[in-house]
Each structure stands twice: as C-alpha cells, then as structure tokens.
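Peer 1: curious how this folds, go ahead:
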Amino acid sequence: MNKETPRVFVAATRQNDGKTTTSLGLLAALQQYYPRVGYIKPVGQRFVEIEEYKVDEDIVLMDSIYHLNCPLPHMSPITVEPDFTRKYLACANREQLVTKIRNAFDRVAWEKDFVLCEGSGHAGVGSVFDLSNAQVAKLLDSKVILVSQGGIGKPIDEVALNQALFEKEGVEVLGVILNKVVPSKIGDVTDIVRRGLKRKGLQLLGVIPHNPILSRPTIDFLREELKLKLLNEPTDIHKLVDSVVVGAMGAQHVVKFFQKGSLVITQGDREDIILAAATALVGQAQDGLAGIILTGGLLPSESVLKVIRDLPFPVLLSEEESYQVSSKIYAIHVKTRPFDKQKIQLIRDLVSENVDVKQILDCL
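Peer 2: Prediction:
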C-alpha cells in the first residue's frame, strides 16, 4: 500500500459532532498547500446508489464540490448495508475487507499530493466487524485529528476515551478541533480546553463557532428524508427553513406566526390555513414562506389545489399526522447537500478562519 503520500484521518468523539462538515472545510484549506488533494471514506454507513454501486453519501457531496477525479467506488470502498454486520458475523472475511480498503486508498492517492481520510464516527465505530476507526487509521498508516463538540469538561473526557482506543492500536492523535462553540464563549473555551488537552499530550488545532444556519434543513432535504410528495413546481426547493409553524388553530390566529422562512405544517383539509399561507408575505419572493406541508394524506378541494400549483414556494404532502411530522423535523440531523451553496461557502470560511491547517501539516 502507498506509504509516501501524506495523509490525515478525521474522526469524531461521537456521532453528529461535525466530522463531515470539518472535512469539507479542510479539503478546501488543504488545497491552499497541495493542489491535488484526494479524499476517501473507507467505511460508510449512509449510502446512495450510483449506477450499480453503493457509495457513501458524503463521497457524492465531496466529489460534487471538489471534482476529485477518482471513481466514486474507490473513495467509498465499504458501505455498511442493513445486513452487513449479520453476514460478517456469520462468515468473517476481514482480510478481504482490508485488501479492498488498501487497494482503494492506492487508487485515491494516485497522482495526489495529499489524502484526507474521513472516519465514520468515534474511535470504536466498526469494531463489530473488526474495522473500527482506530483499526482503519492503523491500516492506512495515518495520524488522526479528533473533532468534538464545544464545551470544556465533556469534550476533554470524550477525547481522552477516544485517544485511548487509537493509542491501543498504535495510532497517534495529532490534536483536536472543537466544533459548534457558542461564539460568546470562544475566548474562555479556547484557553481552558487548550490547557486541558495539553495535559493529555494533545494540541488544540481549531475552534469553530456555532452557526445556526448549518443546523437548518432545506425543503428539499425534508422532502427526501421524510419521503414527502411535491404538489407543485416551486421556483426554489432548496430554501432554508428558519422556523416551523404548526397550523392547529384558526387561520386568523396562525397568520400571526408567519414570517420569512417559516415552514407551515397543517392538515390537508384545512383550506382556510392553506389559503392564508398562500397570500402571506405576498410579493416577497425572497423573504416569503419556506413552504407548506399538508398532513394526514389529505388533499384540499380542486380549487385550492389550483392555487397550490401556482405558488412560488413548495407545497408537500405527508401521509403522517402533523404531530409526527413536526416531531421528526425537530429531531432530524441536518446533512449538507451538494445544492446547499450558502452552507458550503460558510463551512469553507469557518474552517479557513478558525482551524490552523499549517499547524496540522507541521505535525505531520
């Protein structure tokens, strides 16, 4: 396996700490030092089907942004399908998986000046099929950057736990990037966490402030995740949702909550609320509602459907009730998608301004 091309492995202390977001920004920052940067996610857990291949969805995101000039299956050599673990435990084939990862890395690293490797969670994820992040980092002969959420005591505790597993595999942890730190607390958090990490022999490589925009879903993201049916042809289906309004009251009361970026959720037969939403913020194409979700699998009358078809914002239909839909939206983990241009540029800027990439490269 290629041992010459510089590389680093990005892992997290737990799920949803912002590992992929950080990797997206690091790719752009690394290109300031290395013109040709490769990317690989050796073990992926959320996949999409591209032609006859299953590839991790983050691979599709990175390739669409950075045009990585490498076949997608090589950047995503192993995808954990629903029955993957069951099959592995019934008939372990670790050496075959190891060979697949090493061969994929060689292809990704071909003609590249640097390779960014992204893990699939904390150090122990994948242990059940003998390919934990710690073990994969060892296979790739890579040092590790840990991404953890903002705070003081909790991230240091979690970093120490992950560091122990990486070190057990003989993998060096370079340092830590703190993500989603409350902007007003950055000064104190940076100073205290840096001292706490130093006691563990680790460096603080960056502190990224929390930005609420990155946690907001687009209408198209909700459509895909909740399997909603689109009832019209809106001008913009990638608009961000700033707030959610559940129409469980009379139209004269619910309109008070309509504002820029609001997503209205209401039963499909509440024609009064639908028509009120249709005329809300009229003439404000850029500052109007984000959209409407009709629930209960109910459709309004044909005359109201005609109004819906002419609306500039998306109107979607769900078979579930309003409470279920709103609960799922509040619980959903928002992922960045290729069409999220505003978010992508924001991520690049946040990492460029708040992560010391030169320090990372010096450590390597």
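
Peer 1: and the closest residue to V176 other than its chain neighbours, what helix or strand is that in?
Peer 2: Distances taken as Cβ to Cβ, 6 or more residues apart in numbering put L146 closest to V176, at 4.9 Å, once the chain neighbours are dropped. To be clear about C-beta, it is placed using only N, CA and C from the backbone, and glycine gets the same treatment. Element membership of L146 [criterion: DSSP states H and E] is strand 143-149.

Peer 1: direction included, what does that strand pair against?
Peer 2: In the sheet, strand 143-149 lines up against strand 7-12 (parallel), strand 173-181 (parallel) (DSSP bridges).

Peer 1: which residues touch L226?
Peer 2: Contacts for L226 were tallied using Cβ atoms under 8 Å, 6 or more residues apart in numbering; they are S318, E320, V325, K328, I329.

Peer 1: likewise F166?
Peer 2: Going by Cβ under 8 Å, 6+ apart, F166 touches A11, A123, A134, A137, V144, E172, V173.

Peer 1: now it: phi and psi?
Peer 2: Torsion angles at F166 (phi, psi; degrees, to the nearest 10) stand at phi -60, psi -40.

Peer 1: pLDDT value on it, please?
Peer 2: Listed pLDDT for F166 reads 98.

Peer 1: measure it to W110 for me?
Peer 2: From F166 across to W110, the span is 27 Å (Cβ to Cβ, to the nearest Å).

Peer 1: one more: S127?
Peer 2: S127 is 30 Å from W110, by Cβ to Cβ.

Peer 1: how about V136?
Peer 2: The value you get for V136 to W110, if Cβ to Cβ is used, is 19 Å.

Peer 1: neighbour count: these two, which is higher?
Peer 2: V136 (27 against 13; other Cβ atoms under 10 Å).

Peer 1: wait, the more buried one touches G121, no?
Peer 2: No. Counting by Cβ atoms under 8 Å, V136 stays clear of G121, with 11.2 Å between them.

Peer 1: can you pull out the strands in the stretch 251-364 of the chain?
Peer 2: For the stretch 251-364 of the chain, applying DSSP state E, counting those that start in this stretch gives strands covering 262-267, 291-295, 315-317.

Peer 1: point out the most buried one among those.
Peer 2: Most buried of the strands of the stretch 251-364 of the chain, by mean neighbour count (mean count of other Cβ atoms under 10 Å): strand 291-295, with a mean of 27.
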